[in-house]
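1. The sequence and its predicted three-dimensional model are supplied below.
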Amino acid sequence: MLRIAVPNKGSLSERSTQMLVEAGYSQRRDPKELVLTDTENEVEFFYLRPRDIAVYVGSGDLDLGVTGRDLLLDSGADAVEMLALGFGRSTFRFAARPGTVESVTDLAGRRIATSYPGLVRAHLAEHGITAEVIRLDGAVETAIRLGVADVIADVVETGATLRQQGLEIVAEPILRSEAVVIRGKGRAETGADHRIDQLTRRLNGVLVARRYVMLAYDVELARLDDAVSLTPGIEGPTISPLHKDGWVAVQAMVPRDETNRIMDTLYDLGARAIIVTSIHACRL
Ligand SMILES: Nc1ncnc2c1ncn2[C@@H]1O[C@H](COP(=O)(O)OP(=O)(O)OP(=O)(O)O)[C@@H](O)[C@H]1O
Ligand SMILES: O=P(O)(O)OC[C@H]1O[C@H](OP(=O)(O)OP(=O)(O)O)[C@H](O)[C@@H]1O
Ligand SMILES: [Mg+2]
């Protein structure tokens, strides 16, 4: 059995499980379940705190895990990123009361509260700055109001928590994070494993299905080159004859977030019957 860690709670939990289901793996139905065996795919899933996952994978006790890039780097575990999953995006940043800090050099000698001390210490060391790092479990924004710290370093998603506390983002971002699949450094050297290859292919398939849509349209042969340059597809678009002289049907994958712009331009080119469909799964 391949042993994979999945977040059991928090921001990454639901979407990790959902992505694995889309990739064809069995997942727990009850949030109290701690282990689930997927016999068909030869995988055992362990539901663990995302902060602990890098530790288990780094020690070699588990083969792979889903966690946040920020949590992986903060842990200092012997594990490496294998695949970025495109959800759980956040930025890791410093914040302070307005007017107190401008750039990273202003952090020298300050008290910085964070739940990610490894990440913060590494960043300060990189910039040659000495400051006091205070490790808190959560709700670090409150540390400034209570006088425990001058600055915080925390995950920012929408920025709503900071605004609500009257704090502002200061200095450059420390890290851009998202959910990632990790494997142990030792494991990375042991060579091919068909179950890891299968997982990677399947997750990549889900990522592509999420990022692309299938676009189909009819266009006059005289306009085909212009149309194809807008919708080059992956290998090349499928061009089929149409039962109308001088016209063809085109089918190609296009990035989901560009769909409307491409449809408008195709329409202006004279393309008609422009249809978008979702992709459920794919192997490129
Ligand atoms: N709004 C967010 N708040 C916290 N973490 C987030 C957010 N959006 C994305 N993440 C990512 O989720 C991971 C942290 O998840 P984790 O479960 O440890 O904390 P959490 O979601 O704050 O849960 P809790 O505080 O209840 O333990 C990190 O990789 C972080 O970058
Ligand atoms: O930018 P935002 O969208 O506001 O999200 C970021 C906030 O959410 C998280 O806190 P959480 O609710 O997990 O509480 P915690 O500090 O106790 O972990 C994180 O620690 C930030 O405080
Ligand atoms: Mg939290």
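-> Cool, got the structure. As the structure is a prediction and not an experimental result, all values here were calculated from the model. Ligands and ions are numbered 1, 2, ... in the order given.

2. quick one: stretch 256-276 to chain centroid distance?
-> Averaging C-alpha positions (Cα atoms, centre = their mean, to the nearest Å) puts stretch 256-276 28 Å from its chain's average.

3. can you check stretch 151-169 too?
-> 21 Å.

4. Now do the buried residues in it.
-> Under the neighbour-count criterion of 16 or more other Cβ atoms under 10 Å, stretch 151-169 has 151-156, 161-162, 165, 167-169 buried. Yep, even glycine has a C-beta here, placed from its N, CA and C like the rest.

5. Can you pull out the low-pLDDT segments for the stretch 101-250 of the chain?
-> The model of the stretch 101-250 of the chain has pLDDT under 70 over residues 187-191.

6. got the contact list for the residue of the stretch 1-150 of the chain found nearest ligand 2?
-> Using Cβ to the nearest ligand atom, residue 138 is the residue of the stretch 1-150 of the chain that sits closest to ligand 2, at 2.7 Å. Contacts for residue 138 (Cβ atoms under 8 Å, 6 or more residues apart in numbering) come out as residue 115.

7. cool, and the one 10 residues further on?
-> Residue 148 makes contact with 111, 113, 134, 136, according to Cβ under 8 Å, 6+ apart.

8. Could you say which helix or strand holds the residue positioned nearest the centre of the chain?
-> With distances taken as Cα atoms, centre = their mean, the residue of the chain nearest its centroid is residue 86 (2.9 Å). For residue 86, there is no host helix or strand (DSSP states H and E).

9. residues in this protein within reach of ligand 1, list them.
-> Counting by Cβ under 6 Å from any ligand atom, the residues of the chain lying close to ligand 1 are 9-12, 50-51, 68, 70-71, 88, 90, 138, 155, 157, 177.

10. Tell me where the stretch 151-284 of the chain has helices.
-> Using DSSP state H, counting those that start in this stretch, the helices found in the stretch 151-284 of the chain span residues 160-164, 185-188, 194-211, 224-230, 259-268.

11. Who does whichever residue of the stretch 51-200 of the chain sits closest to ligand 1 form a beta bridge with?
-> Residue nearest to ligand 1 within the stretch 51-200 of the chain: residue 68 (1.7 Å; Cβ to the nearest ligand atom). Going by DSSP bridges, residue 68 is paired in beta bridges with residue 179.

12. Could you count how many residues lie near it?
-> Residue 68 has 29 neighbouring residues, counting by other Cβ atoms under 10 Å.

13. Distance check, it against residue 166.
-> 27 Å (Cβ to Cβ, to the nearest Å).

14. Check residue 121 too.
-> Using Cβ to Cβ, residue 121 is found at 27 Å from residue 166.

15. same deal with residue 9?
-> 29 Å.

16. Repeat that for residue 124.
-> 24 Å.

17. Show me which residues of the stretch 1-150 of the chain are close to ligand 2?
-> 138-139, 141.

18. farthest residue from the center of this structure?
-> What lies farthest from the middle of the chain is residue 245; by Cα atoms, centre = their mean that is 46.9 Å.

19. just the strands in the stretch 101-250 of the chain please.
-> For the stretch 101-250 of the chain, the strands defined by DSSP state E, counting those that start in this stretch occupy 111-114, 132-135, 151-156, 168-177, 179-184, 212-220, 238-241, 247-255.

20. what about those, which gets the closest to residue 80?
-> Comparing these by their distance to residue 80 (Cβ to Cβ), the top pick is strand 179-184, with 6.4 Å.

21. ends of stretch 37-51, how far apart?
-> Terminal residues of stretch 37-51 lie 22 Å apart, using Cα to Cα, to the nearest Å.

22. what's that stretch in contact with?
-> Under the contact criterion Cβ under 8 Å, 6+ apart, stretch 37-51 has outside partners 1-10, 12-13, 20, 24-28, 33-36, 56, 62, 65-68, 71, 74-75, 195, 198-199.

23. Stretch 103-123 now?
-> Stretch 103-123 is contacted by residues 70-71, 73-76, 92, 94, 100-101, 124, 127, 129-138, 140, 143-144, 148-155, 170-172, 174-175 when judged by Cβ under 8 Å, 6+ apart.

24. how far does that stretch stretch from start to finish?
-> End-to-end distance for stretch 103-123: 13 Å, by Cα to Cα.

25. buried residues in it?
-> Residues 104, 106-107, 110-121, 123 are the ones in stretch 103-123 that count as buried (16+ other Cβ under 10 Å).

26. likewise stretch 79-95?
-> By neighbour count on 16+ other Cβ under 10 Å, the buried set for stretch 79-95 is 79-80, 82-83, 85-88, 90-95.
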